[in-house]
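Novice: below: sequence and its predicted model.
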Amino acid sequence: MAQVESIGPGGYQRIAERFRRDGFVAPLKIIDAAQAAGHRRRLERAESSFGPLNYQSKVHTILRSPLELATHPRVLDIVGALIGPNILLWTSTYIIKEPDTPAHVSWHQDLTYWGLSGEDQVSMWLALSPANRANGCMRLVPGSHRGGRHDHRITESESNLLFQGQTVDGVEESRAVYCNLEPGEASFHHGWTLHSSLPNRSDERRIGLNAQYVATHIRQTKHDRDTAMLVRGVDNFGDFGEDIPAKGDLEPEALERQRELDRLYRETIGNE
């Protein structure tokens, strides 16, 4: 099996410094291209029996592939450098744009609707296909996380992939940078970093796995039913119920639990 090169001495400190400065860091290689292709095949095999997996939450509770990626040692090393050693995996979601479709994501900030009690959170986006300007890769505004929360308005655009079409107006788009990723590379961004993406105008699928991590002292403020999975360190707070990691792929009991977890997630983010 091919090896991913080492980040090197002082690498995690430099990653953390870039994250604090810009509100994101990318690209960071997590796995090699052959491994990414294998994980893509596993996803598309699951789609053939489950149906569309796009924007299904907590997919690490029903499939082994996203569980392996979201808990990859390199991923957790990076997350630990950004939010500390005690880490909860809050959710994981495939984000897929089909070829030549109008699906897009408006300018927004992740933390606006999540109900989390603090900012010690980071989002990973790991590419399983190339992500570039042609197929609608993510755009981010460097340093925008330092401005805190912006006002969002709810929209009803059918092509907006966000659950409520939440949109920040007046973003200075000339400052935005495109987050180009090759398969196996990932970006990590702060929950207040302004980001968006344009439609996929290519003839190939754009596929990524999005995983959300929080420090164990973070809690859900909207209700007391939220769940997460401890993936590194210790949890001395116990504010989340425990998610059960997938033991196999698409097992009936796991699917039943995931349907309820997905419903709860949508209820949570839809209740400002």
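Specialist: Good, I have the coordinates. Numbering: from 1, shown residues only.

Novice: now do the same for the residue nearest the centre of the chain: helix, strand or coil?
Specialist: The chain has N210 as the residue nearest its centroid, 2.5 Å off, counting by Cα atoms, centre = their mean. When classified by DSSP: H, G, I helix; E, B strand; the rest coil, N210 comes out as strand.

Novice: got it, and R45?
Specialist: R45 falls in the helix class when you classify it by three-state DSSP.

Novice: for it, give me the pLDDT.
Specialist: Looking at R45, its pLDDT reads 97.

Novice: how deep is it tucked in, by neighbour count?
Specialist: R45 has 13 neighbours, counted by other Cβ atoms under 10 Å. Yep, even glycine has a C-beta here, placed from its N, CA and C like the rest.

Novice: how much space separates it from G51?
Specialist: With distances taken as Cβ to Cβ, to the nearest Å, R45 is found 13 Å from G51.

Novice: how about G115?
Specialist: G115 is 29 Å from G51, by Cβ to Cβ.

Novice: so which elements touch the helix or strand bottoming out on mean pLDDT in the chain?
Specialist: Across the helices and strands of the chain, mean confidence by mean pLDDT, DSSP states H and E is lowest for strand 105-108: a mean of 78. Applying 3 or more Cβ pairs under 8 Å, 6 or more residues apart in numbering; DSSP states H and E, one finds that strand 105-108 contacts strand 195-197.

Novice: and the contacts of the strand it packs on?
Specialist: Residues outside strand 195-197 that contact it (Cβ atoms under 8 Å, 6 or more residues apart in numbering) are 24, 97, 104-109, 136-141, 171, 176, 189.

Novice: strands paired with that strand, and their directions?
Specialist: Here strand 195-197 is paired, per DSSP bridges, with strand 105-108 (antiparallel), strand 138-140 (antiparallel).

Novice: winner for burial among those strands?
Specialist: Highest mean neighbour count of these: strand 138-140, a mean of 23 (counted as mean count of other Cβ atoms under 10 Å).

Novice: chain center to that one: distance?
Specialist: Mean C-alpha position of strand 138-140 versus that of the full chain (Cα atoms, centre = their mean, to the nearest Å) differs by 13 Å.

Novice: can you map out the strands along this protein?
Specialist: With strands called from DSSP state E, the chain shows them at 24-29, 87-97, 105-108, 121-127, 138-140, 177-178, 185-190, 195-197, 206-215, 227-232, 241-242.

Novice: average pLDDT for the fifth one?
Specialist: What that stands for is strand 138-140. Rounded mean pLDDT across strand 138-140 is 93.

Novice: what does it rub up against?
Specialist: Under the contact criterion Cβ under 8 Å, 6+ apart, strand 138-140 has outside partners 22-24, 105, 125, 131, 173, 176-179, 187, 189, 193-198.

Novice: do that again at 7 Å, thanks
Specialist: 24, 125, 176-179, 187, 189, 193-197 (Cβ atoms under 7 Å, 6 or more residues apart in numbering).

Novice: circling back: the residue nearest to the centre of the chain contacts T91, doesn't it?
Specialist: No - counting by Cβ atoms under 7 Å, N210 does not reach T91; the two are 8.4 Å apart.

Novice: list the contacts of Y12.
Specialist: Applying Cβ under 7 Å, 6+ apart to Y12 gives the contacts 77-78, 81.

Novice: so R225 sits against L264, correct?
Specialist: Yes - using Cβ under 7 Å, R225 is in contact with L264, at 6.2 Å.

Novice: look at the two and report which has more neighbours.
Specialist: Comparing R225 with L264 by other Cβ under 10 Å, the one with more neighbours is L264, at 16 against 13.

Novice: so how far is S57 from that one?
Specialist: Relative to S57, L264 is positioned 9 Å away (Cβ to Cβ).

Novice: L69 too?
Specialist: 15 Å.

Novice: ok, N132 next?
Specialist: Distance from N132 to S57, counting by Cβ to Cβ: 26 Å.
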